[in-house]
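> Here is my input; please provide its structure:
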Amino acid sequence: MYALKISINGREPVTGGATDLCVLSAILSLTGKLGPAAEPRRDDGSVDIDLRLGGLTARANGAADEHLDWLRADLQIGDVVTIRILETDHTDPVISGREAERMADDERAYFEHCKKAYFEMREKFEPSPQPGG
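Got it, this is the predicted structure:
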């Protein structure tokens, strides 16, 4: 199977992968005021740097799929992250998993899903109608 092996600052690497994956990703994110011209919505002066090694299963016969994590790490300026792409039969244990929402293949089911999400978030994003207007 395909896998990703990640080492931070030369420490013992973590290898993520599984035989039933359709997505495997290493995501390195920096958030906050990253440059002098940036005006982030939340500006408390902090910059967050984090790394995630995760994946999404694609299981057969209608079995529930999962979002899996092998690594979550907070990083700092100067840290060195090494990512190796490999094929292997051996990976590290998953540290967390949660069931993935299954999207229907047909258009009507997708429409119903979107309609439900719209009504759940409508008040948050649309102004209330004004009386008499």
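> can you map out the helices along the chain?
Counting by DSSP state H, the chain has these helices, from start to end: 107-125.
> Low-confidence ranges, it, go.
102-105, 129-133 (pLDDT under 70).
> Tell me where it has strands.
Under the criterion DSSP state E, the chain contains strands at 2-8, 14-16, 21-32, 47-57, 66-74, 81-87, 96-99.
> For the second one, name the packing helices and strands.
Going back to what we said before, that points to strand 14-16. On a contact count with 3 or more CB pairs under 8 Å, 6 or more residues apart in numbering; DSSP states H and E, strand 14-16 meets strand 2-8, strand 47-57, strand 66-74. (C-beta placed from N, C-alpha, C; glycine too.)
> Which among those is found nearest to residue 127?
Residue 127 lies closest, by CB to CB, to one member of the helices and strands packed on strand 14-16: strand 47-57, at 31.7 Å.
> What strands flank that closest one, and is each parallel or antiparallel?
Partners of strand 47-57 in the sheet, by DSSP bridges, are strand 21-32 (antiparallel), strand 66-74 (antiparallel).
> Out of the ones you listed, which one sits most buried?
Of all these, strand 66-74 carries the top mean neighbour count, a mean of 17, counting by mean count of other CB atoms under 10 Å.
> what's the angle between it and strand 81-87?
150 degrees (axes from the mean of the first three to the mean of the last three CA atoms, to 10 degrees).
> What lies in contact with strand 66-74?
With contact meaning CB atoms under 8 Å, 6 or more residues apart in numbering, strand 66-74 is reached by 6, 8, 14-16, 18, 21, 48-57, 91-100.
> quick check: angle from that strand to strand 2-8?
On the basis of the same axes, to 10 degrees, strand 66-74 is oriented at 20 degrees to strand 2-8.
> Tabulate the CA atom coordinates of strand 66-74 in PDB.
These are the backbone C-alpha positions of strand 66-74, laid out as PDB (Å, rounded to 0.1, in the frame of the first residue of the first chain):
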ATOM      1  CA  GLU A  66     -13.700   7.000   8.300                       C
ATOM      2  CA  HIS A  67     -11.400  10.000   8.500                       C
ATOM      3  CA  LEU A  68      -8.200   8.700  10.100                       C
ATOM      4  CA  ASP A  69      -5.300  10.500  11.800                       C
ATOM      5  CA  TRP A  70      -1.800   9.200  12.500                       C
ATOM      6  CA  LEU A  71      -0.200  12.400  13.500                       C
ATOM      7  CA  ARG A  72      -1.200  15.900  14.800                       C
ATOM      8  CA  ALA A  73       1.600  18.200  15.800                       C
ATOM      9  CA  ASP A  74       2.100  21.800  16.800                       C
END
